[in-house]
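> Here is a sequence with its predicted model. Questions after.
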Amino acid sequence: MATLKELTNVQDRITGGHRMCAGCGAPMVVKWVLKAVKEEDKVVVSNATGCLEVSLGVYPYSAWKDSYIHTAFECASATASGVEAAYKALKARGKVEDNYKFITFGGDGGTYDIGFQSLSGAMERGHDMLYVCYDNGAYMNTGIQRSSATPKGADTTTSPQGKKSLGKEQNRKDLTQIMVGHHLPYVAQTVPVIPGTKYMMDLYNKSNKAINEVKGAKFINVLTPCPRGWRCDTATELDLIKLAVETCWWPLYEVVDGQYKLTYKPKEKLPVEEWLKPQGRFRHLFKSEEGKAIIAEIQAEVDKRWKQLLFLCGETE
């Protein structure tokens, strides 16, 4: 198994100097997913409209070192599946000699919502591709509008908190579980590389497995910090990711051929308010009894989903 020191010497497949916001988690995710690709392999990246697209591929420049295709929100998966099918046909005819990997990146807006239909279709058809969602919990690129990945109670521009509202009213969609329902050979949920944690290499290890060991359609969901949308300090944003894991708001697990496995289990599950409180988008919940009731509802939902996951993984509290 590769170490962090060894992997820092692996040449990045995206360049520095791109135009993502300072502290954005999306380039962190892309960097470590692509580090899992073998040096001798080539990659075709399909990218849904979003922060990555508008910042890493501003014409006539590109931060991508591999072949890159940007398509509209709703069809990144369809594009990747078409390229993968063409590659297999050309490979069978001897017209392509190089080995290619097919990876699609999309934010939660382009994955949970607008791009869900083509994602579901590509996964159901079993194309040999990996879809990676960098889930930052809203349509951050276009002004921080709520998505179906937005947590309950979050203040966004389309679920604003105020006198008549306490933020988003609904619980977030569990897309990882929906992907499991597609009966894929590999599905995983993870976080960016965070030095000093027991799950520091979780993203890389899961990407390596999906890219190099498993054939067919794969899906990885990555909780990705957005300082602007979460209203947090870039210097401490990864602390929020750790709190998401330690409160079990974002459990780390994988599902291989239908078999669930926890890849990290906190020794002591922290209350979810420790994850909510440092984020400006939830600040209003701590200012009233009505808001505190919403926090209790969020905690109950986290507890319920965690208990269900433990059961699926053959674990106990």
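That came through fine.
> Return the backbone torsion pair for the nearest residue to Ala217 once chain neighbours are set aside.
Leaving aside its sequence neighbours, Ala217 sits nearest to Met123 (Cβ to Cβ, 6 or more residues apart in numbering; 4.5 Å). Heads up, the C-betas are built off the backbone N, CA and C, glycines and all. Backbone torsions for Met123, taken as degrees, to the nearest 10, come to phi -70, psi -40.
> Hmm, Met123 is touching Gln117, no?
No - look at Met123 against Gln117 with Cβ atoms under 8 Å: they stay out of range, at 11.1 Å.
> quick one: which of those two has more around it?
Shown here are Met123 and Gln117; by other Cβ atoms under 10 Å, Met123 has more neighbours (24 against 13).
> In terms of pLDDT, where does the nearest residue to Leu175 once chain neighbours are set aside sit?
Nearest non-adjacent residue to Leu175, counting by Cβ to Cβ, 6+ apart: Tyr112, 5.2 Å away. pLDDT, Tyr112: 98.
> before we move on, the earlier item: what's the residue nearest to Ala217 in contact with, if anything?
Counting by Cβ atoms under 8 Å, 6 or more residues apart in numbering, Met123 makes contact with 77, 131, 179, 182, 184, 217, 219.
> Apply 7 Å and report the result again.
Residues near Met123 by Cβ atoms under 7 Å, 6 or more residues apart in numbering: 179, 182, 184, 217, 219.
> Got a quick ChimeraX command for the buried subset of these?
Buried members of the contacts of Met123, defined by 16 or more other Cβ atoms under 10 Å, are picked up in ChimeraX with:
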select :179,184,217,219
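> Which members of the contacts of Met123 are positioned in strands?
Among these, the ones falling in strands (DSSP state E) are 217, 219.
> for the contacts of Met123, which one is nearest Tyr61?
Among the contacts of Met123, Phe219 lies closest to Tyr61 (Cβ to Cβ), at 30.0 Å.
> Check the closest residue to that closest one other than its chain neighbours and give its pLDDT.
Nearest residue to Phe219, sequence neighbours excluded (Cβ to Cβ, 6+ apart): Met179, at 4.3 Å. We have a pLDDT of 98 for Met179.
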